[in-house]
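>>> predicted coordinates and the sequence they were generated for:
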Amino acid sequence: KNEVEQSPQNLTAQEGEFITINCSYSVGISALHWLQQHPGGGIVSLFMLSSGKKKHGRLIATINIQEKHSSLHITASHPRDSAVYICAVLSNFGNEKLTFGTGTRLTIIP
Amino acid sequence: NAGVTQTPKFQVLKTGQSMTLQCAQDMNHNSMYWYRQDPGMGLRLIYYSASEGTTDKGEVPNGYNVSRLNKREFSLRLESAAPSQTSVYFCASSVYLQGAYEQYFGPGTRLTVT
């Protein structure tokens, strides 16, 4: 079993829909990252969080440390949100190495 | 401020050839990383450097060597390329922020070994 599991693996939605991507992990962590990767593109960090909730524009990330679970939400989705979203965790053993999920491929249809 | 840069962007090698992937960052970060990304798998750590002159193996180091000659640059060398090393390679650097390490990624190098 992978240490970081994401669901769904693929998600297709209509423009304007509310999107939720989930991430579950099995290790104790110091922080969790949500990353975005556009087709053929590089990787951009969207959020780093260790508790609660963060919001940036139409993107919201939440984390529940007790349940070892995080969600990434996109409100009023747009075709430009089409990308792979990757969850990654930093273990709480003081090191700097991330463990990555396999990503969720999101496609927003106009 | 260019962030993390990588060269080349694309490369095709024949089996047995060697090459070096270059990475540089201008953010004065201590830590740097090399990852590979393969279809259906998460990014996997090849090598890691916590500071100039130090390197540590990651999850998949076999077939690779690295060099951290100064704080800015961290190179990845394939001495004898194999088809199994066909992948997209990402370099990253990190800084300690708000109680955890935030990573910044380069644009990637797409390598094909035939």
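Cool, got the structure. Residues are numbered from 1 along each chain as shown, chains lettered A, B, ... in the order given.

>>> all contacts plus neighbour counts: C-alpha atoms, from now on.
Noted.

>>> can you pull out the strands in chain B?
All strands of chain B, identified by DSSP state E, fall at B:4-7, B:10-13, B:19-25, B:31-37, B:44-49, B:56-57, B:64-67, B:75-78, B:87-97, B:100-105, B:109-113.

>>> nearest to chain A among those strands would be which one?
Proximity to chain A (Cα to the nearest Cα) singles out strand B:100-105 among those, at 5.9 Å.

>>> would JSON lines of the strands of chain B with mean neighbour count and distance to chain A be doable?
Written out in JSON lines, the entries for the strands of chain B read as follows (neighbours: other Cα atoms under 10 Å in any protein chain shown; distance: least, Cα to the nearest Cα, whole Å):
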{"stretch": "strand B:4-7", "mean neighbour count": "20", "distance to chain A": "11"}
{"stretch": "strand B:10-13", "mean neighbour count": "14", "distance to chain A": "11"}
{"stretch": "strand B:19-25", "mean neighbour count": "20", "distance to chain A": "14"}
{"stretch": "strand B:31-37", "mean neighbour count": "24", "distance to chain A": "8"}
{"stretch": "strand B:44-49", "mean neighbour count": "23", "distance to chain A": "7"}
{"stretch": "strand B:56-57", "mean neighbour count": "14", "distance to chain A": "11"}
{"stretch": "strand B:64-67", "mean neighbour count": "19", "distance to chain A": "17"}
{"stretch": "strand B:75-78", "mean neighbour count": "19", "distance to chain A": "18"}
{"stretch": "strand B:87-97", "mean neighbour count": "22", "distance to chain A": "8"}
{"stretch": "strand B:100-105", "mean neighbour count": "22", "distance to chain A": "6"}
{"stretch": "strand B:109-113", "mean neighbour count": "19", "distance to chain A": "9"}
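
>>> put together a markdown table for these, with mean pLDDT on each row.
Conversion of these to a markdown table gives the following (pLDDT from 0 to 100):
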| stretch | mean pLDDT |
| --- | --- |
| strand B:4-7 | 96 |
| strand B:10-13 | 96 |
| strand B:19-25 | 97 |
| strand B:31-37 | 95 |
| strand B:44-49 | 94 |
| strand B:56-57 | 92 |
| strand B:64-67 | 97 |
| strand B:75-78 | 98 |
| strand B:87-97 | 92 |
| strand B:100-105 | 85 |
| strand B:109-113 | 96 |
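
>>> contacts for stretch B:40-47, please.
Among residues not part of stretch B:40-47, those counted as contacts by Cα atoms under 8 Å, 6 or more residues apart in numbering or on different chains are A:99-103, B:33-37, B:55-61, B:64, B:66.

>>> so which residue is dead centre in chain B?
Within chain B, the residue whose C-alpha comes closest to the C-alpha centroid is residue B:34; the distance, by Cα atoms, centre = their mean, is 2.6 Å.
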